[in-house]
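Participant: Fold the following and give me the result.
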Amino acid sequence: MKLEVEDISKSYERIQALSHVSFSCDAGTIMGYIGPNGSGKSTTLKVIAGLVRPDGGRVLIDGEPYQSLENPGRKVGFLLDPWAHHPGRSVRETVRLAAMMMRLPKSRVDAVLTEVGLASVPARKVGVLSLGMRQRLSLAIALLGEPGVLVLDEPANGLDVEGMTWLKRLLRSLGDNGTAVVVSSHLLNELETYVDRAVILDRGRVVSDHIVRRGALSEWTFVSGPDLDEIEEVLVAEGFEHLRGRERAAGPGFRVRSTAGEIGDAMWSRRVKVNHLGPAAAVTLEAQYGAVTSPQFRAGRGEPNIGDEKET
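Facilitator: Model prediction:
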């Protein structure tokens, strides 16, 4: 099953929350959806869930609009607000009501409570649950219908170290078994350990969509030279995806998603001199994030050091 977000835009009076946002998440892929506060992440997820109507664009779940799904909980599960459940109901009652709405058997209630670690507290009232336990409860409801798409907004909030380890293993297992998982989180170091792709949003626009776990390093080349502005003009003119930054061995330059041969040919054809052209060093998700998001949302130290972010 696949999630497709196509050209979504949304504004609130004079505020442009989303501008032509597009991405997709294939079956078996865990996608991190990240960006600064106010960048439009939660608005995007609410559009996917049908809680916010976009000004333009559409969302498809397995090729169908969410609103046309006969039993949407069987296709897509959401964790958007762990505080949304009635505080006077028990854990089991809360999950049971959701199961009834999805026309699911009681056995699914017991199964998901066990899966999220709440089987020992079915009678506990929601109002006395910690944030971490509320997250588990919300995740139980999201998993009830065994959906092919899972959309989670900050699911690790409130979890302790053991809980975060459990969550990563659960999501990785779901992805490995064919579920398309979208996770919005500010915990970039944690995300990097289990996601396959990262889509970065900034000021309502997608500014990066890249592989995190599989084959990412072989796709990037670092190029530098005496005139960085000239090099960037060529990269822009030729349509190369690139990030400006610094590497330990080469100094300031550009990390480019292309081969050294293609970049070298482009520079040679335009008579632009380079003094370094070779494989890019590994780049962390945090460094990628810092390189493409708006400067006012991060501490400024000049050019981001994308090859080794600890270097000053």
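Participant: Just give the number of residues close to V116.
Facilitator: 23 (other Cβ atoms under 10 Å). Backbone N, C-alpha and C define where each C-beta goes, glycine included.
Participant: Please apply the same query to S107.
Facilitator: 9.
Participant: Pull up the gap between it and G77, please.
Facilitator: Per Cβ to Cβ, to the nearest Å, S107 is found 17 Å from G77.
Participant: again, but for H242
Facilitator: Counting by Cβ to Cβ - H242 and G77 are separated by 37 Å.
Participant: Comparing the two, which residue is more hemmed in?
Facilitator: Taking other Cβ under 10 Å, H242 and G77 do not tie; G77 has more neighbours (25 against 22).
Participant: List the buried residues of the lengthiest helix in the chain.
Facilitator: In the chain, taking DSSP state H as the definition, the longest helix is helix 161-176. Within helix 161-176, the residues that count as buried by 16 or more other Cβ atoms under 10 Å are 163-164, 167-168, 170-172, 174-175.
Participant: And for stretch 129-136?
Facilitator: Quick answer for stretch 129-136 (16+ other Cβ under 10 Å): 129, 132-136.
Participant: next structured bit after the longest helix of the chain?
Facilitator: strand 180-184 (DSSP states H and E).
Participant: For the helix or strand following that next one, what is the distance to the chain centroid?
Facilitator: Note on strand 180-184: by DSSP H and E, the next helix or strand toward the C-terminus is helix 188-191. With Cα atoms, centre = their mean, to the nearest Å as the basis, helix 188-191 stands 10 Å off its chain's centre.
Participant: tell me the mean pLDDT for helix 188-191?
Facilitator: When pLDDT is averaged over helix 188-191, the result is 86.
Participant: now for that helix, which elements pack on it?
Facilitator: strand 30-34, helix 285-292 (3 or more Cβ pairs under 8 Å, 6 or more residues apart in numbering; DSSP states H and E).
Participant: what's the angle between the first one and strand 180-184?
Facilitator: Angle of strand 30-34 versus strand 180-184, following axes from the mean of the first three to the mean of the last three Cα atoms, to 10 degrees, is 20 degrees.
Participant: list the helices and strands the helix or strand just after strand 30-34 packs on?
Facilitator: If you walk from strand 30-34 toward the C-terminus, the next helix or strand you reach (DSSP H and E) is helix 41-48. Contacts defined by 3+ Cβ pairs under 8 Å, 6+ apart place helix 41-48 against strand 3-12, strand 15-25, strand 30-34, strand 76-79, strand 149-153, strand 180-184.
Participant: Need these in a markdown table (columns: mean pLDDT).
Facilitator: As requested, these are exported to a markdown table (pLDDT from 0 to 100):
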| stretch | mean pLDDT |
| --- | --- |
| strand 3-12 | 95 |
| strand 15-25 | 94 |
| strand 30-34 | 94 |
| strand 76-79 | 95 |
| strand 149-153 | 96 |
| strand 180-184 | 96 |
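Participant: Tell me which of the helices and strands packed on helix 188-191 lies nearest to D265.
Facilitator: Closest to D265 of the helices and strands packed on helix 188-191 is helix 285-292 (Cβ to Cβ; 25.2 Å).
Participant: Which positions in the closest one come out as buried?
Facilitator: Buried, per 16+ other Cβ under 10 Å, within helix 285-292: 285-292.
Participant: For it, give the mean pLDDT please.
Facilitator: 79.
Participant: Specify the angle between that helix and strand 30-34 in degrees.
Facilitator: 40 degrees.
Participant: what helices or strands is helix 285-292 leaning on?
Facilitator: Using 3+ Cβ pairs under 8 Å, 6+ apart, helix 285-292 sits against strand 30-34, helix 188-191, strand 197-202, strand 205-211, strand 242-247.
Participant: following the longest one, which helix or strand shows up next?
Facilitator: By that I understand strand 205-211. strand 221-224.
Participant: ditto for the last one
Facilitator: With elements assigned by DSSP H and E, the helix or strand that comes after strand 242-247 is strand 251-256.
Participant: tell me how far that next one is from the chain's mean position?
Facilitator: Counting by Cα atoms, centre = their mean, strand 251-256 comes out at 25 Å from the chain centroid.
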